Every structure is written in C-alpha cells, then in structure tokens.
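A.B. asks: would you be able to build a 3D model of this:
(one chain, ligands or ions: 2)
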Amino acid sequence: MNDSPTSARSDAPSIAIDVKGLTKSFSGREVVHDLSMQVKRGEIYGFLGPNGSGKTTTIRILCGLLTPDSGEGSCLGYDIRRDADKIKRKVGYMTQRFSLYQDLSVRENLEFVARLYGMPDARGAARDTIARIGLKGREEQLAGELSGGWKQRLALGACTLPNPQLLLLDEPTAGVDPKARRDFWNEIHALAAEGLTVLVSTHYMDEAERCHEIAYIAYGHLLAHGTVDEVIAKSELSTWLVTGEDFNGLMAELNGKPGVDMVAPFGTSLHVSGRDKAALETAIAPYRGDSKWHWQAGEPSLEDVFIDLMGRSRDNFQG
Ligand SMILES: Nc1ncnc2c1ncn2[C@@H]1O[C@H](COP(=O)(O)OP(=O)(O)OP(=O)(O)O)[C@@H](O)[C@H]1O
Ligand SMILES: [Mg+2]
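C.D. replies: Numbering: from 1, shown residues only. Ligands and ions are numbered 1, 2, ... in the order given. Coordinates of the predicted model:
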C-alpha cells in the first residue's frame, strides 16, 4: 500500500498539525475541550499552561497514542484517527520523563531505538547521533548515570535518530540547568531550520519567547494563540510599569483595589495591571503624584497575560 499521506500532493503539506474540536474525558471528567490548532511546517510551536491543563493529553492525541472522544484532524497529512501507525513512524516523541533505559549504555539506548525503527545500519545511526549530540567519549556510560542535562541530550538524540518530520517535546527542559537549556534550544532551532516541525510544552516564559508561535491552554481550553507579540496585543490587560522605592508598601496598598487585577514585581519594576483601563487609572491616581515612584504606561509581559488568562479561566470553567 502507498505510504504517502492521503491528502498529500507531490510536495509535503505546509501545515504539519491541523486539528479541530478535539475533546477527551477521563472517567467522565473533560480534560481537553473543543481544542483546535494549526502548526506550520518548520515552525517551533510552544504549548503553555498550568499543571493538569491537558498539554500532555493533547500531545498524545496528536501522535496517535490516544484517541479523542470527538474531533478530527491530521498530523503530517495523516488522519489522527485512522493513520496512527503512520504518524508514529514519522514523529519523535520526548515524553515528560525521558524514557531511556537506565541500565543500558548511551550507545545501547540509541542502537535499540534504531533497531526498533528497523534502520538498516543501527550501529552507524547510533554513532552519528552520538557525534551530533556531543556524547562522544561517553558511549559506554550507563544512561542512568548521566547528569540531567546529558540525559536530556540523549533523549533528544534518541527521538531525532529515526529522522522524524515532527518532534513532540513534553517539558524537555524541566530540571536542567540554564546552560543546558540554552544549548538545547539552540539545537531545537537548528533542527527547525532544517525543516523539522517542533511542538514543545514548557512552563518557562523565556522559552515561550523563543517559539515562532505559542498556544496557552488552561483547564482543557485553548485560550490564546499566535506569536508572542500577538498574544500580548490581544490580551485585554492594561499595564503600568512602576519604578522607584518601597515596592512592598505599594503592592500591599494596590492589591485587591477595585480596578487592579494584578500586581507583580518584574526585575527592577512593578507591573500593575487591570482589565478595565479606566478603573485601573482611577485606582492608581492617588499614587501617581508621589515622588517615590515613576509611573509609565507599558505593555504587560507574557507572564502577566498568562496569569490573567488563568485567573479568568478558573472563574469560567471551574465554577
Ligand atoms: N490516563 C489518564 N487517566 C485519567 N486521568 C488522566 C490520564 N491522563 C491524564 N489525566 C488527567 O487529565 C488532566 C490533564 O492532564 P495532562 O497530563 O494532559 O496535563 P498537563 O497540562 O500535561 O499537565 P503538566 O503541566 O502537569 O504536565 C489531569 O487532571 C490528569 O490527572
Ligand atoms: Mg504534562
């Protein structure tokens, strides 16, 4: 049988993930609700949202490991319901807890993956991957004895070894140090530049800012998507940036005031945000004349926007 995507023309479709209305419940509790998303080929797409919001569940639906209760769509041009086996062969999935064999060596882990995918030269493929991920000299070290950062590199090597077209990375940088995170993201960008599509879930704002597009999901609902700038622009938050002294006193005074929905320190400034611009201005008016502080109308940070979205979704969906 022909192995090419049913909808494919001679060139690959320009959309790698195209799903609509995905819904999934566990024991009667809906954890993914009417979720639609599109990811372009060669793009790095970030998936953000609080714990338990349905990111991993969505990732597992996309690669055919879980069947949605309703909804439809395609991944790499293959139908997510009918062609799960074909999708699995073209997707590299790095699970939330790296699935390495702890008591196999670096080399053995990679050769195992190569054999699993029926690659003709498993040893050669493992050797190439070891060189690419910079694990030369550590081939015989047991995976279980590697540091967190090296484990992460090995896991990325294992899921890129079979030359997938799409990488699904579920919190790949949780618990690794900043240098390893930066190296990892440089690698992800290099892979995307070669045409690989990457869907990556993360809780880190700096990582969100390195994605071409992002989606924010809370309580199973996809609440915002687009480029970082678009997500910020679409938020209905007005934000004032305050610099000066005695932030703690100001925070205590502003917190809970009508019109003030959020007060958060950011580096050397304080972000004071509200959904109702006029009400916010009324609330801060008494403090703006005080020479202790300098007030400047600004833009909310991505984190401000996410915290606001999360607060609102809690009100809407959790009752
Ligand atoms: N196989 C399962 N059976 C029952 N409940 C499940 C199953 N998998 C996930 N859940 C529940 O579904 C909800 C969504 O979980 P999911 O793992 O998709 O969230 P997440 O966004 O990936 O969270 P985190 O950021 O903590 O990884 C959670 O409440 C979780 O307990
Ligand atoms: Mg998860």
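
A.B. asks: what's the burial count for residue 147?
C.D. replies: Residue 147 is surrounded by 11 other residues when neighbours are defined as other CB atoms under 10 Å. Placement of C-beta: from N, CA and C, glycine included.

A.B. asks: how about residue 84, nearest residue that isn't a chain neighbour?
C.D. replies: residue 64 (2.8 Å; CB to CB, 6 or more residues apart in numbering).

A.B. asks: going along the chain, name the strands of the protein.
C.D. replies: Defined through DSSP state E, the strands belonging to the chain, from first to last, are 15-26, 29-40, 44-48, 70-75, 78-79, 91-94, 166-170, 197-201, 213-218, 221-226, 238-244, 262-266, 269-274, 293-298.

A.B. asks: now do the second one, average pLDDT.
C.D. replies: The reference is to strand 29-40. Confidence for strand 29-40, expressed as mean pLDDT, is 96.

A.B. asks: show me what residue of the stretch 201-319 of the chain gets nearest to ligand 2.
C.D. replies: With CB to the ion as the measure, residue 201 is the residue of the stretch 201-319 of the chain nearest to ligand 2, at 6.3 Å.

A.B. asks: right, is stretch 43-50 up against ligand 2?
C.D. replies: No. Interface with ligand 2: stretch 43-50 contributes nothing (CB under 5 Å from the ion), its closest point being 9.1 Å away.

A.B. asks: got the contact list for the closest residue to residue 170 other than its chain neighbours?
C.D. replies: Once its chain neighbours are removed from consideration, residue 170 has its nearest residue in residue 96; the separation is 4.4 Å (CB to CB, 6+ apart). If a contact means CB atoms under 8 Å, 6 or more residues apart in numbering, then residue 96 has 56, 170, 171, 174 as its contacts.

A.B. asks: residue 162 too?
C.D. replies: If a contact means CB under 8 Å, 6+ apart, then residue 162 has 89, 92, 113, 114, 117, 119 as its contacts.

A.B. asks: can I assume the second one is in contact with residue 170?
C.D. replies: To tie it back to what came earlier, the one meant is residue 92. No. Under the criterion of CB atoms under 8 Å, residue 92 is not in contact with residue 170, lying 11.5 Å apart.

A.B. asks: closest to ligand 1 among the contacts of residue 96?
C.D. replies: When those are compared for distance to ligand 1, the smallest value, 3.3 Å, is given by residue 56; criterion: CB to the nearest ligand atom.

A.B. asks: look up phi and psi at the residue nearest to residue 84.
C.D. replies: Taking degrees, to the nearest 10, you get phi 80, psi 10 for the backbone angles of residue 64.

A.B. asks: against residue 305, how distant is it?
C.D. replies: Residue 64 sits at a distance of 32 Å from residue 305 (criterion: CB to CB, to the nearest Å).

A.B. asks: can you check residue 117 too?
C.D. replies: Taking CB to CB, one finds residue 117 at 40 Å from residue 305.

A.B. asks: who's the most centrally placed residue in the chain bridged to?
C.D. replies: The residue lying closest to the centre of the chain (CA atoms, centre = their mean) is residue 201, at 2.4 Å. On DSSP bridges, the residues paired with residue 201 through beta bridges are residue 47, residue 170.
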